[in-house]
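Asks: need coordinates for the below:
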Amino acid sequence: MINIDIHSHILPGIDDGSKSMEMSIQMLKMAEAKGTKTIVATPHYMKSVYENYYDDVSLVHQQLKLAAASAGVNIEILLGQEIMLDKYSLKLCKEKKLRGINGTNYLLIEFPMEKLPKDAIDLIYELRVAGIKPIVAHPERYDYINKTPTVINDFIEEGCLFQINTGSLEGLFGKKVQSCAKMLVEERLANFIASDAHTLNKRCPGLLEGVHVAKTLDKGFERRVSHNLELLLKNEDVEIENQKIAKKKNIFNFFKG
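Replies: Residues are numbered from 1 along each chain as shown. Predicted structure coming up:
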């Protein structure tokens with residue numbers, strides 16, 4: 001069973017996720033009720049929008065852990081960050097002002113939804129040279145990937161890992177994103193799955209529904225992703241078997257409806 005959620009916005013009042021400590025506790029209780037044992041708080045870092053440095057979010061993380069314990073929530077809460085990767089955030093990563101998941105070398109990164117920056121692959125290369133292992137958050141939601149899936153091949157060449165959202169597989173972001181997420185599972189490019197929880201409603205905590213969909217597409221999905229998650233938290237190397245997508249493939253040829 002997959003019970004580790006590596007992407008969530010449960011820290012209160014610092015990004016577009018939880019609005020209050022009370023809401024954070026409710027989100028944690030929902031995650032626990034759905035079988036999550038460990039959840040990673042990954043607040044956004046985005047220059048000029050959410051300038052959440054690691055030391056600052058660490059304080060909020062400690063406050064949430066204390067509040068959760070007082071509320072009787074039996075779930076492990078770890079800390080990471082979701083980094084909008086650009087030249088400035090790359091510099092901060094090298095300076096350790098932004099950090100990976102639970103102190104590991106694994107870093108959750110994201111890019112703008114509509115257009116991939118020209119220097120994106122170069123920035124990923126620099127991360128890897130610095131010893132950082134990039135996990136690309138929700139690639140299925142990027143317009144340039146769900147329109148032209150072969151764009152992901154550049155990320156594969158650079159040794160990236162990929163994390164898909166449970167909500168994408170459930171169709172919460174529309175048919176195009178759902179089809180792309182299913183294709184990534186089918187192609188065994190979904191190294192991780194996470195809730196990317198922001199609220200108690202549409203984008204809520206929990207992995208069960210998305211994992212169920214993924215298992216119908218790839219029988220080995222749960223075993224493989226569970227193993228990847230264990231290796232990640234130990235800061236050990238995840239075995240990357242990612243194969244490039246053939247140019248002739250189109251997401252709408254994989255799944256209809």
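Asks: which parts of stretch 233-240 are buried?
Replies: Burial within stretch 233-240, assessed by neighbour count using 16 or more other CB atoms under 10 Å, is assigned to 233, 238. Glycine gets a C-beta too; all of them are placed from N, C-alpha and C.
Asks: distance of residue 161 relative to residue 229?
Replies: Applying CB to CB, to the nearest Å, the value for residue 161 to residue 229 is 11 Å.
Asks: correction: residue 93
Replies: Taking CB to CB, one finds residue 93 at 22 Å from residue 229.
Asks: the two: who's more crowded?
Replies: It is residue 93, of residue 93 and residue 229, that has more neighbours when counted by other CB atoms under 10 Å, with 25 against 21.
Asks: hang on, the earlier thing: shared neighbours of residue 161 and residue 229, which are they?
Replies: residue 192 (CB atoms under 8 Å, 6 or more residues apart in numbering).
Asks: those strands in this protein, which residues are they?
Replies: 4-8, 38-41, 44-45, 76-79, 82-84, 106-110, 133-137, 161-165, 192-194 (DSSP state E).
Asks: okay if I get those strands as a markdown table plus mean neighbour count, distance to residue 238 and mean pLDDT?
Replies: Shown next, in a markdown table, are the strands of the chain (neighbours: other CB atoms under 10 Å; distance: least, CB to CB, whole Å; pLDDT from 0 to 100):
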| stretch | mean neighbour count | distance to residue 238 | mean pLDDT |
| --- | --- | --- | --- |
| strand 4-8 | 27 | 12 | 98 |
| strand 38-41 | 24 | 15 | 98 |
| strand 44-45 | 22 | 23 | 98 |
| strand 76-79 | 20 | 17 | 98 |
| strand 82-84 | 24 | 18 | 98 |
| strand 106-110 | 23 | 8 | 98 |
| strand 133-137 | 24 | 8 | 98 |
| strand 161-165 | 24 | 6 | 98 |
| strand 192-194 | 27 | 9 | 98 |
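Asks: want to throw the ones you listed into CSV with distance to residue 58?
Replies: Converted to CSV, these look like this (distance: least, CB to CB, whole Å):
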stretch, distance to residue 58
strand 4-8, 16
strand 38-41, 10
strand 44-45, 13
strand 76-79, 6
strand 82-84, 15
strand 106-110, 16
strand 133-137, 20
strand 161-165, 22
strand 192-194, 20
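Asks: output the below-cut-off pLDDT ranges for the stretch 101-250 of the chain.
Replies: Applying pLDDT under 70 to the stretch 101-250 of the chain picks out residues 248-250.
Asks: for it, what spans make up the helices?
Replies: 120-129, 143-147, 152-157, 166-170, 175-186, 208-217, 221-233 (DSSP state H, counting those that start in this stretch).
Asks: which one of those helices lies nearest to residue 106?
Replies: Residue 106 sits nearest to helix 221-233 of all the helices of the stretch 101-250 of the chain, at 5.2 Å, using CB to CB.
Asks: would you mark the buried spots in that closest one?
Replies: By neighbour count on 16+ other CB under 10 Å, the buried set for helix 221-233 is 221, 222, 224, 225, 228, 229, 232, 233.
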